[in-house]
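Engineer: using only what follows, build the 3D model:
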Amino acid sequence: MTHLTVRDILEHAERIETESHVFYVRAAGFLNDPDARQLAIELSEEETKHFNHLRDLLNQTHLSSHELDKTLGSEVNLSDRVVKTSDINEESDADTILNVALEREKQTEALYRLYLTLTGIPDHLVRVFEDLRQQEVGHQKRILKMIEKRKRNTNGKES
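Structural biologist: Model (predicted):
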């Protein structure tokens, strides 16, 4: 267990968003389905925006060094919360990639939900993490919609 600071949380969230961006860039390169590829490109861009928003928070001057380095009132092992999903490669089909993406978004949303339970996080950061959590839920919905569309198209072709 580690005692976390606000800085630790923001830096960890940055790593998660970077990891997600890289995942979606790789996925776009592997996907043959143009709609699924476009979704991966859009999600990679959104993960970049999430990262930049977190980076801006670290660089803003309205948090004092003391506030940023304040130890939070909970102990959390962040290594248990890193987004761990199956790997994808050029042989992965679109359905596999979309299901791994869905799991990634669910785990990231759960991480932001965990952050919201920590004590000592400034109110404006609580709002940031709630917004990021909601965006991850939105990503899940978009991925699920793509999965359902692919299922309908596959079922229609089999008829």
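
Engineer: following the lowest-mean-pLDDT helix or strand in the chain in sequence, what is the next regular element?
Structural biologist: Every helix and strand of the chain was ranked by mean pLDDT, DSSP states H and E. The lowest is strand 71-76, at a mean of 50. The element immediately downstream of strand 71-76 (helix or strand, assigned by DSSP states H and E) is helix 94-117.

Engineer: neighbours around the residue nearest to Ser86 when sequence neighbours are not counted, how many?
Structural biologist: Distance criterion C-beta to C-beta, 6 or more residues apart in numbering; nearest residue to Ser86, sequence neighbours excluded, is Val100 at 5.2 Å. Placement of C-beta: from N, CA and C, glycine included. Val100: 18 surrounding residues under other C-beta atoms under 10 Å.

Engineer: what does the one 4 residues further on give?
Structural biologist: Summarising burial for Arg104: neighbours were counted as other C-beta under 10 Å, giving 26.

Engineer: what's the answer for the one 3 residues further on, then?
Structural biologist: The burial metric for Gln107, expressed as a neighbour count using other C-beta under 10 Å, is 17.

Engineer: how much space separates the residue positioned nearest the centre of the chain from Glu19?
Structural biologist: In the chain, the residue lying closest to the centroid (C-alpha atoms, centre = their mean) is Thr108, at 4.4 Å. Thr108 sits 9 Å away from Glu19, going by C-beta to C-beta, to the nearest Å.

Engineer: common neighbours of the two, please.
Structural biologist: Taking C-beta atoms under 8 Å, 6 or more residues apart in numbering as the criterion, Thr108 and Glu19 both touch Val83.

Engineer: picking up where we left off before, who's in contact with the residue nearest to the centre of the chain?
Structural biologist: Taking C-beta under 8 Å, 6+ apart, one finds 16, 20, 83, 136 in contact with Thr108.

Engineer: how about the nearest residue to it, chain neighbours excluded?
Structural biologist: Nearest non-adjacent residue to Thr108, counting by C-beta to C-beta, 6+ apart: Glu136, 4.9 Å away.

Engineer: longest helix of this protein?
Structural biologist: Assignment by DSSP state H gives helix 123-158 as the longest helix of the chain.
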